[in-house]
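[1] predicted model and sequence follow; I will ask about them next.
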Amino acid sequence: MTGLRAELSIAAVESCPVAAASATAETPLRDVTWTTDGSDGTVERFDAVGTPPATRTDDAGEAGGGGATGRAGSFDTVFDDGDRRTLEFERDWDDCVCEQIESVGCPVDDVRAVDGRLRVQFRVRSNERLREVIAAAREAAGDVRLAYVVSAGGERSDAVLVDRGELTDRQRETVETAYAAGYFAHPREANAETVAGELGVSPATFREHLATAQAKLFGAVLDG
């Protein structure tokens, strides 16, 4: 058995009408699908239960008539059986994170939107491929988190996505220099004075930068 099944949690309120709508929806928006309309535009649909959602954008309006007003214009009702309704809208911009993922050759299995975030599921053959998909998603959305990854054998990984961009250039240099010098080795191969000398700062400044960087990294790992 080979391969991985993964889900990304993506903050996309600014770029995705469905994500924006989910921030005000009573329940998660599910079964998000899209297709080209034969021109330069894309038709997108999603299912909603309860009151039709409205986006948190300047041109968002109250639900009424055939649908709710959102960033893409109006959410038109395609299907409504009294329990679940299918809403549709058109868009013509190219910053869709789901399409960005598929642009690197990774078909998306399922998309839903909850509390302003997209939850995108897909399957890949390797960890290397997973990293490529994550990188593609971050081309369209900066806040991309690995919600889970499961191997084909059924074992669920406790992996998290650590964004090294959270570190300043100085903090990253501090961590990399300390690591290369053996500061984190056991037994320790270099002390604070040695690493601080390589960085050209005082030991106190080194410890300050290192403590701040470690707090960010540990926060991402433990909170992830």
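    Received it, and whenever you're ready, just let me know what you need.
[2] care to break the protein down by domain?
    According to automatic domain parsing, the chain comprises the domains 4-157, 164-223.
[3] which stretches in this protein count as helices?
    Ranges of helices in the chain, per DSSP state H, are 17-22, 97-102, 127-140, 169-181, 192-199, 203-223.
[4] can I get the domains of the chain in TSV including mean pLDDT and mean neighbour count?
    Where you see a C-beta, it was placed from the backbone N, CA and C, and this is true even at glycine. As requested, these are arranged in TSV below (pLDDT from 0 to 100; neighbours: other C-beta atoms under 10 Å):
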stretch	mean pLDDT	mean neighbour count
domain 4-157	81	17
domain 164-223	89	15
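[5] off-centre distance for stretch 164-171?
    Per C-alpha atoms, centre = their mean, to the nearest Å, the displacement of stretch 164-171 from the mean C-alpha position of its chain is 19 Å.
[6] dump the C-alpha coordinates for stretch 21-28 into CSV.
    The C-alpha trace of stretch 21-28 is given here as CSV (Å, rounded to 0.1, in the frame of the first residue of the first chain):
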residue,chain,number,x,y,z
ALA,A,21,-19.7,33.1,3.0
SER,A,22,-18.9,30.3,5.4
ALA,A,23,-17.9,32.9,8.0
THR,A,24,-21.6,33.9,8.3
ALA,A,25,-23.2,30.6,7.4
GLU,A,26,-25.2,28.6,10.0
THR,A,27,-23.5,25.3,9.0
PRO,A,28,-20.4,24.3,7.0
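[7] what about it, distance to the chain center?
    Distance, centroid of stretch 21-28 to centroid of chain: 18 Å (C-alpha atoms, centre = their mean).
[8] do the same with stretch 216-224
    For stretch 216-224 - counting by C-alpha atoms, centre = their mean - the centre lies 16 Å from the chain centre.
[9] try stretch 187-202
    Counting by C-alpha atoms, centre = their mean, stretch 187-202 comes out at 36 Å from the chain centroid.
[10] let me see the residues that make contact with it.
    173, 174, 177, 178, 181, 182, 183, 203, 205, 206, 207, 209 (C-beta atoms under 8 Å, 6 or more residues apart in numbering).
[11] identify the farthest-apart pair in the residues you listed.
    182 and 205 (19.9 Å; C-beta to C-beta).
[12] check contacts around residue 138.
    Taking C-beta under 8 Å, 6+ apart, one finds residue 144 in contact with residue 138.
[13] so how far is residue 207 from it?
    31 Å (C-beta to C-beta, to the nearest Å).
[14] and for residue 48?
    52 Å.
[15] would you put the C-alpha positions of stretch 119-126 in PDB?
    Provided in PDB are the C-alpha atoms of stretch 119-126 (Å, rounded to 0.1, in the frame of the first residue of the first chain):
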ATOM      1  CA  ARG A 119     -10.900  22.400   4.000                       C
ATOM      2  CA  VAL A 120      -9.400  20.800   0.900                       C
ATOM      3  CA  GLN A 121      -8.900  17.000   0.700                       C
ATOM      4  CA  PHE A 122      -6.700  15.300  -1.800                       C
ATOM      5  CA  ARG A 123      -4.400  12.200  -2.300                       C
ATOM      6  CA  VAL A 124      -0.700  12.200  -3.200                       C
ATOM      7  CA  ARG A 125       1.900   9.500  -3.700                       C
ATOM      8  CA  SER A 126       4.600  10.800  -1.400                       C
END
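[16] right, I'll leave it there.
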